[in-house]
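Q: Fold the following.
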Amino acid sequence: MPGHYIEEIAAPLRIEPAVSQVAFVGRARRGPRLQPIQVRGLSDFDATFGSADTPLRRAVAAYVGQGGDALLVVRATDVGPALEALAEAAVTLLVIAPQLLRGHEADVHAWCLAHRCVLLSHHAAGTIAPGLGENAAVYAPGLRDPDGRPVWTSAAVAGVVRRTDLSRGIWKAPSGPDATVLGLTADPPPPQHSRLNLVRTFHAGPPIIWGSRTAAPEGHDWKYLSLRRCHLWLLDSITNGLRWTVFEPHGEHLWARARGLVEDFLDGLWREGALVGSRPDHAYFVRCDRTTMTQADIDQGRLIVLIGVAFMKPGEFVVSRVTTQTLR
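A: Modelled structure (predicted):
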């Protein structure tokens, strides 16, 4: 019919891995306020925020020095407005200046839970602030650059985390002999460090991140940082990869297509070693049928995919539910 056009949205051939986005929040002497600015290196930072020595500049230098890739930098003096500025940035790893974070840990952790983000923090005294849980990891002691100036431990750890992501995969714990901190020295360890991740020095060698736990209490399902981050990454990847279903009519054909895409994605991860199991059915399962959705879900256009993945060993599944909206 003249003047009328129909655009058919084809389902993707595969689910693409979600992109990790790191963000730093802190004070700077110049540059735009409360705007996420992409920084690919120290020269980018200097061009926008100035080359004067500040804790934020040292943090960016430490991150880049550990092998960290592009990040967002927000110049801010308050945590709340900074988080509002990052609301649409799809941040997955967050570092906030310790002076800004102090006293706001619970609010920041709640924001991270809502945005599938993980907060990296450090506390030289060896304690974990109230309100932090499975979407946060706390490190000690402090670090120093070659001139003896303090550097946010969380910033250097973020660089090691990204280096590990890029070289080994997001499922690899950023700790142990491979997680060396380059070009920095560590202060003496705190007297108490329960549930903390330490940056330790052995036999006068470089500091090593020793520990990869979240701030969740003992016995919590998400006490390991790598598992928590991998789980959030899986949810992001699969949710983004199924957005096309909003244009599709609900029915068996759609369920099979969605199920097949998710199975192919998880099979690829299993073959890379991200999931544990001697066979695919030991490593993951995917369900999308009338056992995962009620008739009310179908009538309302909700597509629900139930996913189980074996992060630790065969037979132990972490079960997740992904819901999207479809045509009614």
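Q: what's in contact with the helix or strand hosting Gln99?
A: Per DSSP states H and E: Gln99 is located in helix 98-101. Residues outside helix 98-101 that contact it (C-beta atoms under 8 Å, 6 or more residues apart in numbering) are 25-27, 76-79, 82, 108, 121-123, 152, 154. (C-beta placed from N, C-alpha, C; glycine too.)
Q: Could you list the buried residues of stretch 136-155?
A: 136-143, 145, 151-155 (16 or more other C-beta atoms under 10 Å).
Q: Turn these into CSV, including pLDDT.
A: What follows is the buried residues of stretch 136-155, written out as CSV (pLDDT from 0 to 100):
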residue, pLDDT
Ala136, 97
Ala137, 96
Val138, 95
Tyr139, 95
Ala140, 92
Pro141, 92
Gly142, 93
Leu143, 96
Asp145, 96
Val151, 97
Trp152, 97
Thr153, 96
Ser154, 97
Ala155, 98
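Q: With secondary structure added, can I get those residues in a markdown table?
A: Shown next, in a markdown table, are the buried residues of stretch 136-155 (DSSP: H, G, I helix; E, B strand; the rest coil):
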| residue | secondary structure |
| --- | --- |
| Ala136 | strand |
| Ala137 | strand |
| Val138 | strand |
| Tyr139 | strand |
| Ala140 | strand |
| Pro141 | coil |
| Gly142 | coil |
| Leu143 | strand |
| Asp145 | coil |
| Val151 | strand |
| Trp152 | coil |
| Thr153 | helix |
| Ser154 | helix |
| Ala155 | helix |
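Q: among the residues you listed, which two are most distant?
A: Comparing all pairs in these by C-beta to C-beta, the longest separation belongs to Ala136 and Asp145, at 24.9 Å.
Q: sorry, back to before: and the next helix or strand after the helix holding Gln99, what's buried?
A: Next along the chain after helix 98-101, taking DSSP H and E as the criterion, comes helix 105-114. Residues of helix 105-114 classed as buried by neighbour count (16+ other C-beta under 10 Å): 105, 108-109, 111-113.
Q: Just checking: what are the partner strands of the helix or strand just after helix 105-114?
A: Once helix 105-114 ends, the next helix or strand along the chain (criterion: DSSP H and E) is strand 118-122. Applying DSSP bridges, strand 118-122 is found paired with strand 93-96 (parallel), strand 136-140 (parallel).
Q: which regions of the stretch 151-300 of the chain lie under the pLDDT threshold?
A: 192-195 (pLDDT under 70).
Q: residue contacts, the closest residue to Gly68 other than its chain neighbours?
A: Once flanking residues are discounted, Gly68 sits nearest to Gly159: 3.6 Å by C-beta to C-beta, 6 or more residues apart in numbering. Gly159 is in contact with 62-68, counting by C-beta under 8 Å, 6+ apart.
Q: Please identify the buried residues of the helix or strand where Gly159 lies?
A: Per DSSP H and E, Gly159 falls inside helix 153-168. By 16+ other C-beta under 10 Å, the buried positions in helix 153-168 come out as 153-165.
Q: Take the residues you listed and write them to CSV, including distance to Val305.
A: Putting the buried residues of helix 153-168 into CSV (distance: C-beta to C-beta, whole Å) gives the following:
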residue, distance to Val305
Thr153, 38
Ser154, 34
Ala155, 37
Ala156, 38
Val157, 33
Ala158, 31
Gly159, 34
Val160, 33
Val161, 28
Arg162, 29
Arg163, 32
Thr164, 29
Asp165, 25
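Q: quick one: which of these is nearest Ala18?
A: Asp165 (11.5 Å).
Q: quick one: that closest one and Val19 touch, right?
A: No. Using C-beta atoms under 8 Å as the test, Asp165 is too far from Val19 to be in contact (10.7 Å).
Q: what number of residues lie near Thr292?
A: Here the number of neighbours of Thr292 (other C-beta atoms under 10 Å) works out to 20.
Q: Ignore what I typed, I meant Leu227.
A: As a burial measure, Leu227 scores 20 neighbours (other C-beta under 10 Å).
Q: returning to what we had before: closest to Gly169 among the contacts of Gly159?
A: Closest to Gly169, out of all of the contacts of Gly159 and judged by C-beta to C-beta, is Gly67, at 14.5 Å.
Q: Let me know the secondary structure of that closest one.
A: Gly67 is classified as coil under three-state DSSP.
Q: For the contacts of Gly159, which single residue is the most surrounded?
A: Busiest of the contacts of Gly159 [other C-beta under 10 Å] is Tyr63, holding 30 neighbours.
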